[in-house]
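Visitor: Here's my sequence, what's the structure:
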Amino acid sequence: MKKILFNPLLLCFLLSNFCLVELKAGTNDQRELSPNIVVIFIDDLGYADIGPFGADGYTTPNLDQMAKQGRRFTDFVASTAVCSASRIALLTGCNHRRVGISGALGPTAKIGINSNEMTLAELCKQKGYATACFGKWHLGVQQQFLPLQHGFDQYYGLPYSNDMWPYHPNFVDLPVDSPRRKRNYPPLPLFDGNEIVDAEVDPNDQTQLTTAYTERAVEFIEENHDRPFLLYLPHSMVHVPLYVSKKFAGKSGAGLFGDVMMEVDWSVGQINAVLKKHRLAENTLVIFTSDNGPWLSYGKRAGSAAPLREGKGTMFEGGYRVPTLMKWAGKIPADSTCAELASTIDIFPTVAKLIGGQLPDHRIDGHDIRPLMFGEADAGSPHTHFPCYYKGGELQAIRDAQFKLVFPHKYRALNGRVGNDDGKPIKYDQNQAEFALYDLRADIGETTNVAEQHPEVVAKLTKSADAVRKDLGDRLTKTTGSGIRPAGRVSVK
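Guide: Sure, this is the predicted structure:
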């Protein structure tokens, strides 16, 4: 029998390689449990403003490709039809009423996101994610409200809407040094982290916003491609005033709005290209959606909500139902459609499940929608009802997966009129909505009141609305709401 000699060097070599294999396996397991998350959030994008949802007059090839690679969500809704409220709902998984913000915060607002609320970034930080926000924040301008104080490692962008500046369309014809201009809106700042890097954003600066946000996003992915990351990309466009870079100016053949949409589509292409470059497609969830519907009074400078009724600033479907795409190679079925009710508030708890994160102790309103995302057989909406709040905490409607009950309320409308193409809004009419029930599966445009045909549905949704009012309040019925948490307030030092 041949004697086997002990070789310590060989043993060390074998052990080191065994450890490397174990380490590599552990890393792969962690990556499998920790998918990258990319949320592209467009401002004021209408239901029919991208190719996969019927855009006409210009092309969106990158979004078309994303739809072929992933899933269209045709009944995907925001919490409400206005900027700040919609954004805090996305980032916290809560109805905006629950977290105390119901409108669009201006430059002088003394409130913002409360530090007690857990954001999507803070959720991901539990698992060691790199986190970044590039674009419009709109959850408070004071430092205590800015992204770096709420879980984001990097931030670059505007603190609020790009029309909240001295060049606002309503004041653009006034002299530059007009007191009225300055009294209504101070100069618009651009932030990098907590620092202002451009104290007075001007029109030329705005032409570079979409490109600048995209370049920072691509750089962030390049820097963090070997670790899990959360990228939140809330573009300032297509909120008016519209601006586009020279590389897309005049290229769409469909006017300025078409040019801006082509640049937004280019941005999506850049993100997907860098993910492909680093072979991250099979470990990255990409979500493309919007904060609310189009601002119709701006005419050709606004998008389209067709075939939905009305637009931004109303809780008819055109105001809060938004075009949504999701892709994740090997997980989300390609070239598929989900017609079940889901919402931006569902993104937070869904990501928590995907990464194994711990939800906050306080109540949230979103649900895990992985069954809908992954196309599981017979998966239905997790929402037994969805409240439609707008205008200072007024419950204007409530819906379920099929029906929507609208309560009498005033709402703004153009009543068939079409706005101009000069960048200035036309005045809305004030309409009165009737008590009505709409079958959204048969009547997506909310044209036919079927309340008399479905009294049992009216009774069910009315009961749900009463419970919602007790929880989240209602301005019209003067109900306070026991489940509302306060917004953050400016610290006094």
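Visitor: what's downstream of the helix or strand of the chain with the lowest mean pLDDT, the next helix or strand?
Guide: Among the helices and strands of the chain, helix 8-33 carries the lowest confidence by mean pLDDT, DSSP states H and E, at a mean of 42. The helix or strand immediately downstream of helix 8-33 is strand 36-42, counting by DSSP states H and E.
Visitor: how about that following strand: buried residues?
Guide: Asn36, Ile37, Val38, Val39, Ile40, Phe41, Ile42 (16 or more other C-beta atoms under 10 Å). Every residue, glycine included, has its C-beta placed from N, CA and C.
Visitor: Contacts for the helix or strand that that strand is followed by, please.
Guide: Downstream of strand 36-42, the next assigned helix or strand under DSSP H and E is helix 61-69. The set of residues external to helix 61-69 that reach it, using C-beta atoms under 8 Å, 6 or more residues apart in numbering, is 50-52, 265-266, 268-269, 272, 286, 288, 325, 327, 329, 334-335.
Visitor: now do 7 Å
Guide: 50-52, 265-266, 268-269, 272, 288, 325, 327, 329, 334-335 (C-beta atoms under 7 Å, 6 or more residues apart in numbering).
Visitor: These in strands, which ones?
Guide: Those of those mapping onto strands are Phe288, Leu325, Lys327, per DSSP state E.
Visitor: Skipping its backbone neighbours, what lies nearest the last one in space?
Guide: Just to be clear, that refers to Lys327. What sits nearest to Lys327 in space, not counting adjacent residues and going by C-beta to C-beta, 6 or more residues apart in numbering, is Gly70, at 2.8 Å.
Visitor: was I right about the one you found contacting Leu325?
Guide: Yes. Gly70 lies in contact with Leu325 (C-beta atoms under 7 Å); the separation is 5.8 Å.
Visitor: all helices for the stretch 201-350 of the chain, in order.
Guide: Assigned by DSSP state H, counting those that start in this stretch, the stretch 201-350 of the chain shows helices spanning 203-206, 209-224, 255-277, 317-320, 347-355.
Visitor: is it true that Ile271 touches Val39?
Guide: No. Using C-beta under 7 Å as the test, Ile271 is too far from Val39 to be in contact (10.7 Å).
Visitor: In the contacts of helix 61-69, which residue is surrounded by the most others?
Guide: Ile50 (30 neighbours; other C-beta atoms under 10 Å).
Visitor: re earlier: so what's the residue count around the residue nearest to Lys327?
Guide: Using other C-beta under 10 Å: Gly70 sits among 25 other residues.
Visitor: Look up the pLDDT of it for me, please.
Guide: On pLDDT, Gly70 comes in at 98.
Visitor: check contacts around it.
Guide: Gly70 is in contact with Leu325, Met326, Lys327, Ile332, Ala334, counting by C-beta under 7 Å, 6+ apart.
Visitor: Pick out whichever of the residues you listed sits closest to Pro360.
Guide: Met326 (23.8 Å; C-beta to C-beta).
Visitor: Surely that closest one and Ile332 touch.
Guide: Yes. Using C-beta under 7 Å, Met326 makes contact with Ile332 at a distance of 5.7 Å.
Visitor: Between those two, tell me which one has more neighbours.
Guide: Higher neighbour count among Met326 and Ile332: Met326, with 28 against 21, using other C-beta under 10 Å.
Visitor: Specify the beta-bridge partners of that one.
Guide: Note on Met326: beta-bridge partners by DSSP bridges are Arg71, Ile287.
Visitor: residues in contact with it?
Guide: By C-beta under 7 Å, 6+ apart, the neighbours of Met326 are Gly70, Arg71, Phe73, Leu285, Val286, Ile287, Ile332, Met373.
Visitor: Flag every buried residue along stretch 109-117.
Guide: The neighbour-count check on stretch 109-117 (16+ other C-beta under 10 Å) flags Ala109, Ile111, Gly112, Ile113, Asn114, Glu117 as buried.
Visitor: again, but for stretch 409-428
Guide: His409, Tyr411, Arg412, Ala413, Leu414, Gly419, Gly423, Lys424, Pro425, Tyr428.
Visitor: what do you get for stretch 381-392?
Guide: For stretch 381-392, using 16+ other C-beta under 10 Å, the buried residues are Ser381, Pro382, His383, His385, Phe386, Pro387, Cys388, Tyr389, Tyr390, Lys391.
Visitor: pLDDT score assigned to the last one?
Guide: What that stands for is Lys391. Model confidence at Lys391 (pLDDT) stands at 88.
Visitor: So what does it have for phi and psi?
Guide: phi 60, psi 70 (degrees, to the nearest 10).
Visitor: Please determine how far it is located from Val82.
Guide: The gap separating Lys391 from Val82 is 9 Å, by C-beta to C-beta, to the nearest Å.
Visitor: which of the residues in stretch 388-404 are buried?
Guide: Of the residues in stretch 388-404, 388-391, 393-401, 403-404 count as buried by neighbour count, 16+ other C-beta under 10 Å.
Visitor: Take it, keep the C-alpha atoms, and write them as PDB.
Guide: Backbone C-alpha positions of stretch 388-404 (Å, rounded to 0.1, in the frame of the first residue of the first chain) are rendered in PDB as follows:
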ATOM      1  CA  CYS A 388     -60.300  58.300  -3.800                       C
ATOM      2  CA  TYR A 389     -59.300  61.400  -1.800                       C
ATOM      3  CA  TYR A 390     -58.700  64.900  -3.200                       C
ATOM      4  CA  LYS A 391     -59.000  68.600  -2.400                       C
ATOM      5  CA  GLY A 392     -58.000  69.000   1.200                       C
ATOM      6  CA  GLY A 393     -59.100  65.600   2.500                       C
ATOM      7  CA  GLU A 394     -62.400  65.200   0.700                       C
ATOM      8  CA  LEU A 395     -63.500  61.600   0.000                       C
ATOM      9  CA  GLN A 396     -64.800  62.000  -3.500                       C
ATOM     10  CA  ALA A 397     -65.200  58.400  -4.400                       C
ATOM     11  CA  ILE A 398     -64.400  54.800  -3.400                       C
ATOM     12  CA  ARG A 399     -63.900  51.800  -5.600                       C
ATOM     13  CA  ASP A 400     -63.100  48.100  -5.700                       C
ATOM     14  CA  ALA A 401     -61.700  45.900  -8.400                       C
ATOM     15  CA  GLN A 402     -64.700  46.500 -10.700                       C
ATOM     16  CA  PHE A 403     -67.000  49.300  -9.400                       C
ATOM     17  CA  LYS A 404     -66.500  52.900  -8.400                       C
END
